[in-house]
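A.B. asks: Sharing a sequence plus its predicted fold:
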Amino acid sequence: MQDQPHVPTDNPMLTGIRGRCPRCQQGHLFNGFLKLAPRCEVCGLDYSFADPADGPAFFAMTIAAVPALAFALWLQISFEPPLWAHVLTTLPVTLAACALLLRPLKGWLVCSQFFHKAEEGSIDREWHERRRADEARRD
């Protein structure tokens, strides 16, 4: 770890797509293709705050679906192939597009969580605490 101060990213999208640490932009965000590293090897930022859940998969499928559908329609209208031809062409193209989008989208979401200091349910938690306090005062 270095002793110099680190300036957090001001562009979480670019930092995440590159797979870099949101705090120092030098360390790696991933161990392998999609597995998050436990911490940054440069600045030591603990990545346990990050939970992109199914967000990257949802966005990857949504983004890949439109071009895949356009390709399948073009193939069907132009050549009228049998179903197996779609399975051999459209399905692999769709799966490859989704797989290629997963890593940059996951990096973007993790860096955005750090940038925006996202926490799980903080607004809802505060509302419930105020409600309990109000009910306690009434009793």
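C.D. replies: Received, thanks.

A.B. asks: Run through the helices of the chain in chain order.
C.D. replies: 12-17, 55-79, 83-115, 122-138 (DSSP state H).

A.B. asks: and the first one, what other elements does it pack with?
C.D. replies: If contacts are counted by 3 or more CB pairs under 8 Å, 6 or more residues apart in numbering; DSSP states H and E, helix 12-17 sits against helix 83-115. Where you see a C-beta, it was placed from the backbone N, CA and C, and this is true even at glycine.

A.B. asks: starting at the chain centroid, how far to the helix it packs on?
C.D. replies: 11 Å (CA atoms, centre = their mean, to the nearest Å).

A.B. asks: That one: which residues count as buried?
C.D. replies: 90, 94, 97-98, 101-115 (16 or more other CB atoms under 10 Å).

A.B. asks: and that helix, what other elements does it pack with?
C.D. replies: helix 12-17, helix 55-79.

A.B. asks: now for those, which one comes closest to H128?
C.D. replies: helix 55-79 (24.8 Å; CB to CB).

A.B. asks: mean confidence for the closest one?
C.D. replies: The average pLDDT within helix 55-79 is 96.

A.B. asks: same check, this time on stretch 27-34
C.D. replies: The average pLDDT for stretch 27-34 rounds to 95.

A.B. asks: Identify each buried residue in that stretch, please.
C.D. replies: 27, 29-30.

A.B. asks: quick one: terminal-to-terminal distance for that stretch?
C.D. replies: 16 Å (CA to CA, to the nearest Å).

A.B. asks: ok now it, how far from the chain's centre?
C.D. replies: Per CA atoms, centre = their mean, the centroid offset for stretch 27-34 relative to its chain is 13 Å.

A.B. asks: buried set for stretch 64-76?
C.D. replies: Those buried within stretch 64-76 under the rule 16+ other CB under 10 Å are 64, 68, 71-72.

A.B. asks: Let me have these in CSV, extended by distance to M13.
C.D. replies: Output for the buried residues of stretch 64-76, formatted as CSV (distance: CB to CB, whole Å):
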residue, distance to M13
A64, 19
A68, 24
F71, 27
A72, 30
